[in-house]
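*Asks:* Sequence plus predicted model, see below.
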Amino acid sequence: MQGETLFISDLHLDSKQPEIQKQFLQFIEQDAMGSDALYILGDLFEVWLGDDDDNPDNLLVIQKLKQLTDQGTPVYIQHGNRDFLLGKHFEDISGSILLPDPHVIDLYNQRILIMHGDLLCTDDIEYQKFRKTVRNPDWQKQTLQLSLDKRKELAKSIRIKSQQQTQQKFEDIMDVNQQEVEKMLLQHNSLLLIHGHTHRPAIHKVDIEKQQATRIVLGDWYDQGSVLRWNAEGYKLDSLTR
Ligand code: LP5
Ligand code: MN
């Protein structure tokens with residue numbers, strides 16, 4: 001819709017879950033076409049092995065994003081912990097723009113800090129170590145030189161390890177760290193934060209230095225689609241039912 005900016009995250013698009021892809025393609029047609037902008041705050045894909053992956057389902061998504069951007073709606077994407085290898089070629093063919101994480105946008109004269117959210121989970125020491133490794137440009141360059149099959153294998157073994165470890169971690173370890181949230185908001189001079197990753201959709205109030213800030217958490221698309229709609233009057237955290 002015109003006059004509306006949309007925020008989504010954690011779709012985890014995957015050939016094994018065609019109903020999520022269907023919902024996403026429908027969402028682009030019905031909600032995003034004609035809107036002012038679409039922000040995807042990470043984990044659009046369940047796993048991104050590199051821009052040379054020719055998975056036809058991913059190509060369908062890319063074509064849809066291209067239609068949207070060609071029609072005049074800009075699409076901004078941040079990396080998630082599953083699709084941190086999205087790169088320049090993906091940007092070119094989808095017409096979307098990759099944004100750094102964290103990043104500040106200006107919407108109706110308000111500074112809004114946007115993040116995937118994984119950076120805020122500082123109590124999850126093991127994850128932060130892993131993140132540091134895989135976000136290193138040298139590691140990424142070397143990894144992208146491996147064959148697609150080898151990358152598939154490696155991604156599978158990381159998923160298994162991650163699943164084993166997340167089962168053993170306490171829930172609050174895998175949530176955001178409050179001090180980190182406050183630090184980020186202060187650092188970026190913002191009273192509004194939007195992020196995903198934790199799959200715990202909510203609107204939280206945060207007190208920082210005698211001011212009240214708001215932290216909006218987007219949900220995932222496993223059972224329903226979580227969408228934040230923002231217009232001149234305000235915002236609404238919505239869910240698209242299937
Ligand atoms: O994803 P989710 O929600 O289940 O858990 C995350 C954290 N886990 C991850 C890992 C991803 O699930 C899997 C990423 C695979 C995609 C790779 C794509 C491209 C690779 C191309 C070829 C290699 O992000 C999880 C958090 C949780 O969120 C909550 O925040 O806790 O973190 C972990 O579980 C990480 C573990 O603690 C440490 C994992 C060590 C794995 C080491 C494997 C060895 C491989 C060496 C390569 C670096
Ligand atoms: Mn994530």
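*Replies:* It's in. Ligands and ions are numbered 1, 2, ... in the order given.
*Asks:* phi, psi of the residue in the chain that ligand 2 sits nearest to?
*Replies:* Distances between the chain and ligand 2 by CB to the ion are smallest at residue 197, namely 3.8 Å. The C-beta positions use only the backbone N, C-alpha and C, and glycine is treated the same way. When read as degrees, to the nearest 10, the backbone of residue 197 gives phi 70, psi -50.
*Asks:* That one is in contact with residue 117, isn't it?
*Replies:* Yes. Look at residue 197 against residue 117 with CB atoms under 8 Å: they come within range, at 3.2 Å.
*Asks:* Would you mind telling me which of those two has more residues around it?
*Replies:* residue 117 (31 against 26; other CB atoms under 10 Å).
*Asks:* Can you give me the distance of the more buried one to residue 50?
*Replies:* According to CB to CB, to the nearest Å, residue 117 stands 23 Å off from residue 50.
*Asks:* So which bits of this protein are right by ligand 1?
*Replies:* Taking CB under 6 Å from any ligand atom, the part of the chain that reaches ligand 1 is made up of 47, 49, 81-82, 85, 118, 121, 124, 126-127, 130, 133-134, 143, 151, 154-155, 158-159, 161-162, 165-166, 169, 174.
*Asks:* Need the per-residue pLDDT for the residue with the largest distance to the centre of the chain.
*Replies:* For the chain, the residue at maximal distance from the C-alpha centroid (CA atoms, centre = their mean) is residue 210, at 30.1 Å. With respect to pLDDT, residue 210 scores 90.
*Asks:* residue contacts, the residue of the chain closest to ligand 2?
*Replies:* By CB atoms under 8 Å, 6 or more residues apart in numbering, residue 197 lies in contact with 9, 10, 42, 43, 80, 81, 116, 117, 118, 120, 121.
*Asks:* circling back: show the buried residues in the residues of the chain next to ligand 1.
*Replies:* Buried residues within the residues of the chain next to ligand 1, counting neighbours by 16 or more other CB atoms under 10 Å: 47, 49, 81-82, 85, 118, 121, 124, 127, 130, 143, 151, 155, 174.
*Asks:* Turn those into CSV, columns for secondary structure and pLDDT.
*Replies:* Output for those, formatted as CSV (DSSP: H, G, I helix; E, B strand; the rest coil; pLDDT from 0 to 100):
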residue, secondary structure, pLDDT
47, coil, 98
49, coil, 98
81, coil, 98
82, coil, 98
85, coil, 98
118, helix, 98
121, coil, 98
124, coil, 98
127, helix, 98
130, helix, 98
143, helix, 98
151, helix, 98
155, helix, 98
174, helix, 96
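*Asks:* of those, list those near ligand 2.
*Replies:* Of the residues in these, proximity to ligand 2 by CB under 5 Å from the ion holds for residue 81.
*Asks:* Next, the buried residues of stretch 228-236.
*Replies:* Across stretch 228-236, burial judged by 16+ other CB under 10 Å covers 228, 229, 230, 231, 235.
*Asks:* burial of residue 205, as a residue count?
*Replies:* 8.
*Asks:* no wait, residue 74
*Replies:* Residues contacting residue 74 under the criterion other CB under 10 Å number 15.
*Asks:* That one reaches residue 35, doesn't it?
*Replies:* No. Look at residue 74 against residue 35 with CB under 8 Å: they stay out of range, at 9.7 Å.
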